[in-house]
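Asks: give me a 3D structure for the following:
(chains A and B)
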Amino acid sequence: MVHIFGALGRSFALDVESGNLFELDAEAAKVLSGLTANGWNTEAVADSDIVREFVALRCDGQLDSAEADVAPPSDPGVIKAMCLNVAHDCNLRCRYCFAGQGEYNNSSCNTRMPLDVGIAALEFLMKRSGNRRNLEVDFFGGEPLLNFDNVRRMVEAGRELERKYNKKISFTMTTNAAGVTDEIADWINAEMDNCVLSIDGRREVHDRMRPDAGGHGSYDKCAAGALRVVSGRGGKAYYARGTYTAHNLDFHLDALALADAGFANVSVEPVVAQSDKPYALNEAMLPEIFASYDKLAEEIVKRSKGASTGKPFTFFHFITSGEHEPCLRKRLMGCGAGNEYAAVTPDGDIYPCHQFVGRESFRMGNVIADELDSATQKEFASVNILTKSECRKCWAKYHCGGGCAANAHSANGDIRLPDKLSCAFMKKRLELALAMSADE
Amino acid sequence: MEKSIKLVKKGCLKDSLKYGGCGECQASCQSACKTSCTVANQPCKNEKKA
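Replies: Numbers count the residues shown, from 1 in each chain, chains lettered A, B, ... in the order given. Modelled structure (predicted):
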């Protein structure tokens, strides 16, 4: 399979199965489009040096190469990453929150994860991680800083468990940063391997969707807290992570606003919303959304070359891993939700990921009871590119890993049927990412 | 003269079958997204990789 595309004013061809990326001039792009459209029948196109070169690349297995003979990946039964919903409560009232403004559609659940539940979750992870040494724990919510004292103690317990089980836990916190103090910022920078700082970009865009409990805009508090963290981050990983909605389809301006505010690593994501919400995205908006991604990529390239006065920055979805690319088996599996990755509620209930929390049919165990529904885990483990017919024939499959199971379930009621709108965003971002990688 | 067809990035997907699958790399949603999945930007952490 070959994907021919234009991005950043240039033409490219991706050999899907090998990952080879070719840059083409206009004539070569036209010739290759003709060849792939007619099933590589060279008698149907005029003979030329370009045609002969394409045919030679194909014969050599560098273009239109065959699908690799790979066994279904991963051994079900191992959990290596956990999202701990340490607070089902929030200090903000974001209008688009997929977590029901912290409650995850379940007001009977504890709002703060007790320390013993957190420690049980960490023990559960240790025991269920098999021979994996590098583990991940994300403190999530709601707003995790509403349960900061317990989070701090959970990390202390985690450090002891690392020694006991000879494992390494990479901790992440995802926070709106409104509650960050100097003490908390210093602790985050000492203990968190990664920090995701939730802030939407331009002040007016952020404040429109993200009021606090009193109905006031939260931009100033979030920006101050996030920048306080970043100022002491050193070389450690972090992202300023925003959400765009139907109200800011020019979201490239929000990414640029974050960069100009002092964030060097930026991610701005499409909102997850039911289609009847006024801020939901839809297919009619795609031209405007694509134009915004184009403008963002063009500006990032300019800034990276010093051709713009703005601050250089990275955008999460435009990054490729360079020489340390993930292996094919990883790419077949995607994010590992429900298989290698799970989320835990304040009551200790286990769900396939944070987005499934509150969808009761997906509850798959409890860390206090040390129970895990292995049938559900196997079901999620079996969902991969080899078993998803729509994905298997898609050019983007090895870059997105088959997409988000929670989005698929929300859109189509089936974790195996990808959400078309999410796929459209992903493909656009990937074309730009691939084009940017051509100069690395 | 500029070439009409230029290999700008050599893929390693098939080569990775020789060393891949250790599972030590990051889970996608533990990074920045939390609402979508991108695996291609998750670096390999295989210590035995050639």
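
Asks: number of nearby residues for residue A:439?
Replies: Residue neighbour count, defined by other CB atoms under 10 Å in any protein chain shown, stands at 13 for residue A:439. C-beta coordinates here come from the backbone N, C-alpha and C atoms, glycine included.

Asks: near chain B, which residues of the stretch 151-300 of chain A?
Replies: A:170, A:172, A:174, A:194, A:196, A:239, A:241, A:243, A:265, A:267, A:269-270, A:272 (CB under 8 Å from any CB of the partner chain).

Asks: most neighbours, which of the residues you listed?
Replies: In terms of neighbours by other CB under 10 Å, those top out with residue A:243 at 29 neighbours.

Asks: count of residues packed around residue A:167?
Replies: 17.

Asks: quickly note the distance from it to chain B.
Replies: Distance of residue A:167 to chain B, computed by CB to the nearest CB, to the nearest Å: 11 Å.

Asks: my guess is that residue meets residue A:135, correct?
Replies: Yes. In this structure, residue A:167 is within contact of residue A:135 by CB atoms under 8 Å, at 5.4 Å.

Asks: what residues do those two have in common as contacts?
Replies: In terms of CB atoms under 8 Å, 6 or more residues apart in numbering or on different chains, residue A:167 and residue A:135 are both contacted by the residues A:126, A:129.

Asks: which parts of stretch A:380-389 are buried?
Replies: A:380, A:381, A:383, A:384, A:385, A:386, A:388 (16 or more other CB atoms under 10 Å in any protein chain shown).

Asks: so which of the residues you listed belong to strands?
Replies: Judged by DSSP state E, strands contain none of the buried residues of stretch A:380-389.

Asks: what's the closest of those to residue A:406?
Replies: residue A:380 (11.0 Å; CB to CB).

Asks: shaky segments in the chain?
Replies: Just going to use chain A. Across chain A, the ranges flagged by pLDDT under 70 are A:72-76, A:101-102, A:107.

Asks: you looked at the wrong chain, it should be chain B
Replies: In chain B (pLDDT under 70), the answer is B:1, B:47-50.

Asks: how about the helices in chain B?
Replies: Here chain B has no helices by DSSP state H.

Asks: grab the most central residue of it for me.
Replies: When CA atoms, centre = their mean is applied to chain B, the residue found nearest the centroid is residue B:40 (4.9 Å).

Asks: which residue is the nearest non-sequential neighbour of that residue?
Replies: residue A:399 (4.0 Å; CB to CB, 6 or more residues apart in numbering or on different chains).

Asks: contact partners for the one you found?
Replies: The contact partners of residue A:399, by CB under 8 Å, 6+ apart, come to A:331, A:426, A:430, A:433, B:38, B:39, B:40.

Asks: try residue A:267
Replies: A:239, A:240, A:241, A:242, A:315, A:316, A:317, B:32, B:33.

Asks: repeat that for 7 Å
Replies: A:239, A:241, A:315, A:316, A:317, B:32, B:33 (CB atoms under 7 Å, 6 or more residues apart in numbering or on different chains).

Asks: now those: which count as buried?
Replies: Buried, going by 16+ other CB under 10 Å: A:239, A:241, A:315, A:316, A:317, B:32, B:33, out of the contacts of residue A:267.

Asks: rewinding a little: most neighbours among the contacts of residue A:399, which one?
Replies: Highest neighbour count within those, by other CB under 10 Å: residue B:38, with 28 neighbours.

Asks: where's that residue relative to residue A:111, distance?
Replies: 32 Å (CB to CB, to the nearest Å).

Asks: residue A:124: neighbour count?
Replies: With other CB under 10 Å as criterion, residue A:124 counts 24.

Asks: surely it and residue A:367 touch.
Replies: Yes. The criterion here is CB atoms under 7 Å, and residue A:124 meets it with residue A:367 at 4.4 Å.

Asks: just to revisit the earlier point, element containing the residue nearest to residue B:40?
Replies: In this structure, residue A:399 sits in helix A:397-400 according to DSSP states H and E.

Asks: could I get the full set of helices for the stretch 301-440 of chain A?
Replies: For the stretch 301-440 of chain A, the helices defined by DSSP state H, counting those that start in this stretch cover A:328-333, A:374-381, A:389-392, A:397-400, A:405-412, A:420-437.

Asks: between these, which one is nearest to residue A:83?
Replies: It is, among the helices of the stretch 301-440 of chain A and with distance given as CB to CB, helix A:405-412, at 11.9 Å.

Asks: where exactly do the strands run in chain B?
Replies: Going by DSSP E, chain B shows strands at B:5-9.

Asks: make that the stretch 201-350 of chain A, sorry
Replies: A:237-244, A:265-270, A:314-315, A:341-344, A:350-351 (DSSP state E, counting those that start in this stretch).

Asks: in a markdown table, list those along with distance to residue B:26.
Replies: A markdown table is the format used below for these (distance: least, CB to CB, whole Å):
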| stretch | distance to residue B:26 |
| --- | --- |
| strand A:237-244 | 10 |
| strand A:265-270 | 15 |
| strand A:314-315 | 16 |
| strand A:341-344 | 10 |
| strand A:350-351 | 20 |
